[in-house]
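> Sharing a model prediction with you, sequence too.
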Amino acid sequence: MKKAELVQLYEKSLCLSKHTRIQRLERNVPKHLYVKILKYLASWFDIPFEIKAKTFWNEKMYVVIPEVVSLDIYQHGFYEEGLTRMILEYLTAGMVFFDIGAHFGYFTLLGSAIVSNSGQVHSFEPIPHTFDILKKNVASRCNVFLNNCAVYNKKEAVLINDYGIKYSAFNSLYNARLSQNIMSRVKTKKYKVRSISIDTYVESTGVVPDFVKIDAESSEYEILLGMQKTIKMYHPMISVEVGDMAVDGASTSSALINFLINKGYQPYEYDRGRILTHTLKRTQYRYDNLLFMSSQ
């Protein structure tokens, strides 16, 4: 599918997502009723349900109800409006895309569709049950390369908190960015997983990224520290999740941004449908994704 078609389909899905709840319900009553029943059953029996959703470009992927990312994808065909727009805008056919914190594979699949068979997608997801769903979602993709490991500032074994499939989007080396009320009901497991730095991965595979998406739930700074050679030599575009949630031990968003500015990068933000130059804030950051592009 050509990127122009992807953009057109995204615009349509985005427009529909802005409709009122009543309008969306009227448009597809069975779909909304089905997911509402699944959410109720999942809550009542404390059992998640794995189902197929359809992305905005009409590709089927497995999601898990009532997990929050899955609900967005099932209901709208996308999630992370701004980051989706950034990837559609700047990722092109033939490029190499690194998806760090791939989760169930929404951005991996989107990247795969954009870069086509002339490009590559390299995805990193450390938690076993999350990785299993990612693997099912990309099984037929010859341009996707999966890595069941964490990305960090060096190669070593690390402990990752697993908050269960319902809160799998918040799995992290650090405490989850969830309210105390939710955390009091979550059963946390710890997994020892292997990790690798991007510099080591690039050196060992010979694969050079054009665009690196980083969503690692408070570990973004460590990942950037582990890709300094890659940044210096190749200047890839980088998207980074920001947000100051008072997580113990995590770097501030300002520290992340200044790190990349000092490497010669300009930050950009998504605001009401447009990608604009970002100005460093003096206050704490709310949850967002910023795009960094090298001036070199």
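It's in.
> Where does pLDDT dip in the stretch 1-150 of the chain?
Along the stretch 1-150 of the chain, the model assigns pLDDT under 70 to residues 19-29.
> That one: strands as residue ranges?
Counting by DSSP state E, counting those that start in this stretch, residue ranges of the strands within the stretch 1-150 of the chain are 49-54, 60-65, 96-100, 120-124, 144-147, 150-151.
> so what does the last one touch, helix or strand wise?
Right, the one you point to is strand 150-151. Secondary-structure packing of strand 150-151 (3 or more Cβ pairs under 8 Å, 6 or more residues apart in numbering; DSSP states H and E): strand 189-196. In short, each C-beta sits where N, CA and C put it, glycine included.
> now with 6 Å?
Strand 150-151 sits against no helix or strand, with contacts defined as 3 or more Cβ pairs under 6 Å, 6 or more residues apart in numbering; DSSP states H and E.
> What lies in contact with that strand?
Applying Cβ atoms under 6 Å, 6 or more residues apart in numbering, the contact partners of strand 150-151 are I100, F124, P126, V158, V193, S195, I223.
> nearest residue to the fourth one other than its sequence neighbours?
If I follow you right, that is V158. Setting aside the residues directly before and after it, V158 is nearest to S195 in space (Cβ to Cβ, 6 or more residues apart in numbering), at 4.8 Å.
> and the gap between that neighbour and Q228?
According to Cβ to Cβ, to the nearest Å, S195 stands 16 Å off from Q228.
> now stretch 134-142, how far from the chain's geometric center?
Relative to the centre of its chain, stretch 134-142 is centred 16 Å away, using Cα atoms, centre = their mean, to the nearest Å.
> which residues are contacting it?
Contacts to stretch 134-142, defined as Cβ under 6 Å, 6+ apart, come from residues M61, Y62, A102, F104, G105, T108, S112, E125, V144.
> With neighbour count and distance to L276 as added columns, please give these in CSV.
Listed next are the contacts of stretch 134-142 as CSV, based on neighbours: other Cβ atoms under 10 Å; distance: Cβ to Cβ, whole Å:
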residue, neighbour count, distance to L276
M61, 21, 31
Y62, 17, 35
A102, 28, 27
F104, 29, 30
G105, 28, 29
T108, 27, 27
S112, 24, 28
E125, 28, 31
V144, 24, 31
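> So which of the residues you listed is the closest to L6?
Nearest to L6, judged by Cβ to Cβ, of those is S112 at 11.5 Å.
> rewinding a little: kindly reformat the contacts of stretch 134-142 as TSV containing distance to Q284.
Below are those laid out as TSV (distance: Cβ to Cβ, whole Å):
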residue	distance to Q284
M61	34
Y62	36
A102	27
F104	29
G105	31
T108	30
S112	35
E125	28
V144	36
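> In the longest helix anywhere in the chain, which residues are buried?
For the chain, the helix with the greatest residue count under DSSP state H is helix 29-45. Neighbour counts over helix 29-45 (16 or more other Cβ atoms under 10 Å) mark H32, V35, L38, A42 as buried.
> Check the offset of it from the chain's centre.
Using Cα atoms, centre = their mean, the offset of helix 29-45 from its chain centre is 25 Å.
> same deal with stretch 112-122?
Relative to its parent chain, stretch 112-122 has a centroid offset of 17 Å by Cα atoms, centre = their mean.
> Kindly report the same for stretch 224-239.
Relative to its chain's centre, stretch 224-239 lies at 18 Å (Cα atoms, centre = their mean).
> what does that stretch rub up against?
86, 90, 153, 197-199, 202, 208-213, 259, 263, 289, 291-294, 296.
> and if you look at stretch 6-20?
Stretch 6-20 is contacted from outside by F56, W57, H76, G77, F78, L88, using Cβ under 6 Å, 6+ apart.
> Output those as CSV; include the columns neighbour count.
Conversion of these to CSV gives the following (neighbours: other Cβ atoms under 10 Å):
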residue, neighbour count
F56, 21
W57, 19
H76, 18
G77, 23
F78, 21
L88, 16
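> Can you give me the buried ones in stretch 112-124?
S112, A113, I114, V115, G119, Q120, V121, H122, S123, F124.
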